[in-house]
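Asks: Need the 3D shape of this:
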Amino acid sequence: MALLFRTHYNLARESISKNRTRSFLTCLGIAIGVASIILILSLMGSIRNLVDGQVKAAGSDLIVVRPSSIKNTVESVVEQLTSSGQYRNSNLSLKDVSSIAALPEVAAAAPIVQINATLTANRVNDNGENYTSTVESAPVVATSADFAKVQNLVLSSGSFLEKHYNDNIAVVGRSLSLSLFGTTEPVAKTFSLFGEKFIVVGALPEADDPINFNNIDFDNSVFVNAEFLVKKGENIQVQQINVKAKNTDKMDELAGKIREEVIANKAGDTNFSVLYGDDISHPANGLFMIVSGMLTLVAGISLVVGGIGIMNIMLVSVAERTHEIGIRKSVGATSGNILLQFLFESFILSGLGGLFGLVLGYTLAFFISIVTPFAPYIDLSILGMTLATSFTIGLVFGIYPALKAAKKNPIESLRHSR
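Replies: Coordinates of the predicted model:
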């Protein structure tokens, strides 16, 4: 048996070597499909690790209250994909924040309200002329001073929405500060939001992670007091409440008390979730799983195309080697031997394409990691599954040409000219 497989391997290697360009292009079809799948799964795995790491970095004392009791389901993920305003139909309110903050076990509680709005500021150009700087659809995050405590937020200058003589105060992200004011030191500068003047009292440093479990772009956002924003519109609602516990020993007990407080405020409405620990990142992970699944399915189409390429090349190879098949059968080779010979060749082609695709996929992931915070995510189960898929593609699409070769009549095959 070992001798038979060695013979099939030598014949396959000889055939591939004789047609190197054709074999390379055939392998390339499989490689592109495998590389696409590896790249997608690597990036999605990196993003999931990034979010999970942020939740752990925020501390084991973090509790998050979100609208909807649905957790990590297709319905909640589809809602996130199809709605620009996540949790648009929120039933949370500032009253819930106050009730939660009043609990003796709570160190801090901060609401999160997110909208997009136009910001304007007066600037002076290089010629000393005044002009208006405008940022369209800027992310506006309404929260409270407790947000900095809950998130362990460090500012590059100023303070975070602490009580001042003026309620219209703001904290600006680094990129937004450059766009609006042309500087990374915006403290004491003013801008207009909804026709009202705001003074900047704090500035955030450049954010390392563009994706986080709060769904906030810290670099491009402006932070204002929640009371101001909620009063500005009837449809503006609290989308999330972040809570910092004083003691981490009884997180489940505190989560139960928070739930009771919110239910009491809502007259029995339980359409919300109180999450802590690993559960905080579950909705985001559900979203990433759906997205990666969809993208992987699309990338899998290229694997099928590569498989069709293998079938096409193998059919050409069978036609070219008809005389060889006749000689082998005439000296005792069975139909099973011929079948295995051509299956072995398609198996090798798909395997080489799979290995090349792995290298190409992780090489692309590495280069992407240079310009993004997404480090390549390597998982042995992903490697094994992808390689197994590429080998399976070779066997499935090689079976028809192999059967066609095995069924050839030896007498008719010998008459076939080389």
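Asks: hang on, Leu297 is in a strand, isn't it?
Replies: No. Judged by DSSP: H, G, I helix; E, B strand; the rest coil, Leu297 forms no part of a strand; its state is helix.
Asks: For it, report the pLDDT, please.
Replies: Listed pLDDT for Leu297 reads 78.
Asks: Met44 versus that one, what's the distance?
Replies: Look at Leu297 and Met44: by CB to CB, to the nearest Å, they are 13 Å apart. Glycine gets a C-beta too; all of them are placed from N, C-alpha and C.
Asks: Same drill for those two, tell me which one is more crowded.
Replies: More crowded of Leu297 and Met44, by other CB atoms under 10 Å: Met44, with 21 against 11.
Asks: so where does the more buried one fall, helix or strand?
Replies: Met44 is part of helix 20-58, with elements assigned from DSSP states H and E.
Asks: Which strands or helices does that helix pack on?
Replies: When contacts are defined as 3 or more CB pairs under 8 Å, 6 or more residues apart in numbering; DSSP states H and E, helix 20-58 sits against helix 282-320, helix 335-371, helix 380-406.
Asks: and the angle for the longest one with helix 20-58?
Replies: To tie it back to what came earlier, the one meant is helix 282-320. If you take axes from the mean of the first three to the mean of the last three CA atoms, to 10 degrees, helix 282-320 sits at 170 degrees to helix 20-58.
Asks: Stretch 98-109 spans what distance, first to last residue?
Replies: Counting by CA to CA, to the nearest Å, you get 8 Å between the two ends of stretch 98-109.
Asks: next one: that stretch to chain centre, how far?
Replies: Averaging C-alpha positions (CA atoms, centre = their mean, to the nearest Å) puts stretch 98-109 33 Å from its chain's average.
Asks: Stretch 245-259 now?
Replies: The chain centroid and the centroid of stretch 245-259 are separated by 31 Å, computed with CA atoms, centre = their mean.
Asks: Looks like Phe374 contacts Ile47 (just checking).
Replies: Yes. Counting by CB atoms under 8 Å, Phe374 does reach Ile47; the two are 6.3 Å apart.
Asks: ok, back up a step: quick one: the helix holding Met44 to helix 335-371, angle?
Replies: If you take the same axes, to 10 degrees, helix 20-58 sits at 50 degrees to helix 335-371.
Asks: rewinding a little: have a look at Phe374 and Ile47 and say which one is more surrounded.
Replies: Neighbour totals were compared for Phe374 and Ile47, and Ile47 leads with 23 against 20 (other CB under 10 Å).
Asks: pLDDT of the helix holding Met44, averaged?
Replies: Summarised as a single mean, pLDDT over helix 20-58 is 80.
Asks: Could I get the buried residue list for it?
Replies: By neighbour count on 16 or more other CB atoms under 10 Å, the buried set for helix 20-58 is 23, 26-48, 50-52, 54-55, 58.
Asks: Can you check what angle separates that helix from helix 380-406?
Replies: Using the same axes, to 10 degrees: helix 20-58 against helix 380-406 is 160 degrees.
Asks: Helix 20-58: what's the following helix or strand?
Replies: Note on helix 20-58: by DSSP H and E, the next helix or strand toward the C-terminus is strand 62-67.
Asks: Give the pairing partners of that next one; include direction for each.
Replies: strand 240-245 (antiparallel), strand 272-276 (antiparallel) (DSSP bridges).
Asks: Give me the mean pLDDT for it.
Replies: Throughout strand 62-67, pLDDT has a mean value of 88.
Asks: Extract the CA atoms of it and return them as PDB.
Replies: Taking Å, rounded to 0.1, in the frame of the first residue of the first chain, the C-alpha atoms of strand 62-67 are listed here in PDB:
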ATOM      1  CA  LEU A  62     -18.100  47.100  35.900                       C
ATOM      2  CA  ILE A  63     -21.800  46.500  35.400                       C
ATOM      3  CA  VAL A  64     -23.600  47.600  32.200                       C
ATOM      4  CA  VAL A  65     -27.400  48.200  31.900                       C
ATOM      5  CA  ARG A  66     -28.700  48.100  28.300                       C
ATOM      6  CA  PRO A  67     -32.100  48.100  26.700                       C
END
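Asks: got a list of what the closest residue to Lys407 other than its chain neighbours touches?
Replies: Spatially, and ignoring its direct neighbours in sequence, Lys407 is nearest to Ser335 (6.9 Å; CB to CB, 6 or more residues apart in numbering). Contacts for Ser335 (CB atoms under 8 Å, 6 or more residues apart in numbering) come out as 329, 406-407.
Asks: Ok, Val262 next?
Replies: 65, 92, 96, 99-100, 272, 274.
Asks: Let me know the next secondary structure element after the lowest-mean-pLDDT helix or strand in the chain.
Replies: Ranked by mean pLDDT, DSSP states H and E, the weakest helix or strand in the chain is helix 74-82, scoring a mean of 46. Once helix 74-82 ends, the next helix or strand along the chain (criterion: DSSP H and E) is helix 94-101.
Asks: what's the offset of stretch 180-200 from the middle of its chain?
Replies: The chain centre lies 33 Å from the centre of stretch 180-200; the measure is CA atoms, centre = their mean.
Asks: just stretch 195-212 next, same as before
Replies: Worked out by CA atoms, centre = their mean, stretch 195-212 lies 24 Å from the chain centre.
Asks: For it, the averaged confidence score.
Replies: The model assigns stretch 195-212 a mean pLDDT of 83.
Asks: same question, stretch 103-112
Replies: Per-residue pLDDT over stretch 103-112 has a mean of 92.
Asks: Stretch 329-349 too?
Replies: 85.
Asks: in that stretch, what counts as buried?
Replies: 329, 333, 338-349.
Asks: All set, thanks.
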